[in-house]
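Participant: structure for the following, please:
(one chain, ligands or ions: 1)
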Amino acid sequence: MAGCCAAEPDPLRGVNSMAKDKVVIIGAGSVGATYAFALLQEGHAREIALLDMDGERALGEVMDLQHGLAYTRPVAIRVGTYADCRDADLVVVTAGAKQKPGETRLDLTNRNAAIVRQIVHEIQRSGFGGVLLMVSNPVDVLTQVAWKLSGLPRARVIGSGTVLDSSRLRTLLSAHCRADARNIHAVIIGEHGDSEVAAWSTASLGGMPIRDYCDQCRNCDPDSRYPRLLEEVKRAAYEVIARKGATYYGIALSLVQITDAVLRDEHRILPVSSVHENYHGIQEVALSLPAVVGRQGVERVLDLPLDEEELRAVQDSARVIKSQVEKLHL
Ligand code: NAD
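Facilitator: Modelled structure (predicted):
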């Protein structure tokens, strides 16, 4: 019978040409490939295009991922080109250098800004009309670079920001308080980096302010414990990188949350990074604050009732990011 072999998966063409909810991943390294794997298992993308300057690497990852498609929902996954960005709902940038042991995220600024400049140019040339999600580090600086160079509305250029850091904090609190992380609402804001801030004054557990919970629990001294937990969150990536050279599982799962918020128009509140016009004197700086995320990107940013110290710390964090962006002379 003619044509039966045409249904075989072709790594370059994909297996389901009817797919919608399209995600393009630029950078098929540890983060990009792990994110694609997490999307296959959990996400709602129906078409995934993976591209990398190392075409063989992208093809190898795609082939490996395709080999599990008998056990997932139908998803078309294939090697892409920049032309794929044209009708993508979400383009996710995970390309670029990663931290070496001991390096900070900010140390990557010059190398990765040059890469992002070239990538954004290609994305815009495609006629892209979706949401751009930056992941490469330093993610806040690069979110600002991508916004500035792309000319896209600020709502449609977001960074993964402190979505991962907030999960780290909630997970630590979960172990410490012995309560499910899903019942703990606590958010890290500001830079995804060493100047990040824990918004303790708005944290809650099971619907009660965490301070009130601590008053009842009395198992620890929150005044000394909270700063230690924040320090652990800040150190988390360094600790992983020192042992295995990179972080990718936690960020991949965080990216699935952001992806679904966009594809399914969930209006989900996530601490993504975006460029703020004016947030308590923070002007034209990309950093994370809890934001309502949907199909159009950031729909609105919440004005958390931070205490004075927290607000000052976020303003300091903004200064760190701003000075780094200024050095790039965009
Ligand atoms: P990796 O070295 O495994 O992969 C990077 C990939 O980018 C490589 O495959 C490389 O070929 C590709 N690349 C480089 N320049 C490119 C270009 N111009 N066009 C297309 N592809 C290009 O690194 P990784 O571990 O996947 O990390 C990627 C980035 O993600 C790093 O900047 C890292 O710091 C960042 N990261 C961010 C978070 C976060 O929370 N935002 C978490 C983990 C890692």
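
Participant: from the ligand, how far off is Gln118?
Facilitator: As judged by CB to the nearest ligand atom, to the nearest Å, Gln118 and the ligand stand 6 Å apart. No exception for glycine: its C-beta is placed from N, CA and C like everyone else's.

Participant: three-state assignment of that residue?
Facilitator: Under the three-state scheme (DSSP: H, G, I helix; E, B strand; the rest coil), Gln118 adopts helix.

Participant: please report the distance of it from Asp140.
Facilitator: The gap separating Gln118 from Asp140 is 20 Å, by CB to CB, to the nearest Å.

Participant: which one of the two has more residues nearby?
Facilitator: Taking other CB atoms under 10 Å, Gln118 and Asp140 do not tie; Asp140 has more neighbours (35 against 12).

Participant: so what touches the helix or strand hosting that one?
Facilitator: In this assignment (DSSP states H and E), Asp140 forms part of helix 139-150. Helix 139-150 has contacts (CB atoms under 8 Å, 6 or more residues apart in numbering) with 93, 105-106, 109, 112-113, 116-117, 120-121, 123-124, 132, 134, 136, 154, 157-161, 191-193, 273-275, 284-288, 321, 324-325, 328, 330.

Participant: buried among these? Make that a PyMOL selection.
Facilitator: Here is the PyMOL command that picks out the buried ones among these, judged by 16 or more other CB atoms under 10 Å:
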select buried, resi 93+105+106+109+112+113+116+117+120+123+124+132+134+136+154+157+158+159+160+161+191+192+193+273+274+275+285+286+287+288+321+324+325+328
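
Participant: so which of the contacts of helix 139-150 are in strands?
Facilitator: 93, 132, 134, 157-159, 273-275, 285-288 (DSSP state E).

Participant: considering only the residues you listed, which also neighbour the ligand?
Facilitator: With CB under 6 Å from any ligand atom as the criterion, the ones in strands among the contacts of helix 139-150 include none near the ligand.

Participant: can you put these in TSV and add pLDDT?
Facilitator: Output for those, formatted as TSV (pLDDT from 0 to 100):
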residue	pLDDT
Val93	98
Leu132	98
Met134	98
Val157	98
Ile158	98
Gly159	98
Ser273	98
Ser274	98
Val275	98
Val285	98
Ala286	98
Leu287	98
Ser288	98
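
Participant: widest-spaced pair of those?
Facilitator: Spanning the widest gap among the ones in strands among the contacts of helix 139-150 are Val93 and Val285, at 19.2 Å by CB to CB.

Participant: for the ligand, what are the nearby residues on the stretch 151-300 of the chain?
Facilitator: Residues of the stretch 151-300 of the chain lying close to the ligand by CB under 6 Å from any ligand atom are 160, 164, 192, 246-248, 251.

Participant: hang on, I meant the stretch 1-150 of the chain
Facilitator: Proximity of the stretch 1-150 of the chain to the ligand (CB under 6 Å from any ligand atom) is limited to residues 26-32, 52-54, 57, 94-99, 108, 112, 115, 118-119, 135-137, 139.

Participant: returning to what we had before: buried subset of the residues of the stretch 151-300 of the chain next to the ligand?
Facilitator: Buried members of these, scored by 16+ other CB under 10 Å, are 160, 164, 192, 247-248, 251.

Participant: same list, the residues you listed, but as TSV with pLDDT and distance to Glu310 please.
Facilitator: Formatted as TSV, these follow (pLDDT from 0 to 100; distance: CB to CB, whole Å):
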residue	pLDDT	distance to Glu310
Ser160	98	22
Leu164	98	20
His192	98	17
Thr247	97	26
Tyr248	98	30
Ile251	98	25
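
Participant: got a markdown table for the residues you listed, with distance to Arg73 too?
Facilitator: Shown next, in a markdown table, are these (distance: CB to CB, whole Å):
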| residue | distance to Arg73 |
| --- | --- |
| Ser160 | 24 |
| Leu164 | 25 |
| His192 | 31 |
| Thr247 | 27 |
| Tyr248 | 22 |
| Ile251 | 22 |
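
Participant: what's the weakest-modelled helix or strand in the chain?
Facilitator: Lowest mean confidence among the helices and strands of the chain (mean pLDDT, DSSP states H and E): helix 210-217, at a mean of 93.

Participant: buried ones in that one, by neighbour count?
Facilitator: Result for helix 210-217 [16+ other CB under 10 Å]: buried residues 210, 213-214.

Participant: how far out from the middle of the chain is it?
Facilitator: For helix 210-217, the separation from the chain centroid amounts to 31 Å (computed by CA atoms, centre = their mean, to the nearest Å).

Participant: and that helix, what other elements does it pack with?
Facilitator: Contacts defined by 3 or more CB pairs under 8 Å, 6 or more residues apart in numbering; DSSP states H and E place helix 210-217 against helix 163-177, strand 204-205, helix 222-244.

Participant: which one of those is the most hemmed in?
Facilitator: Most buried of the helices and strands packed on helix 210-217 by mean neighbour count (mean count of other CB atoms under 10 Å) is helix 163-177; its value is a mean of 21.
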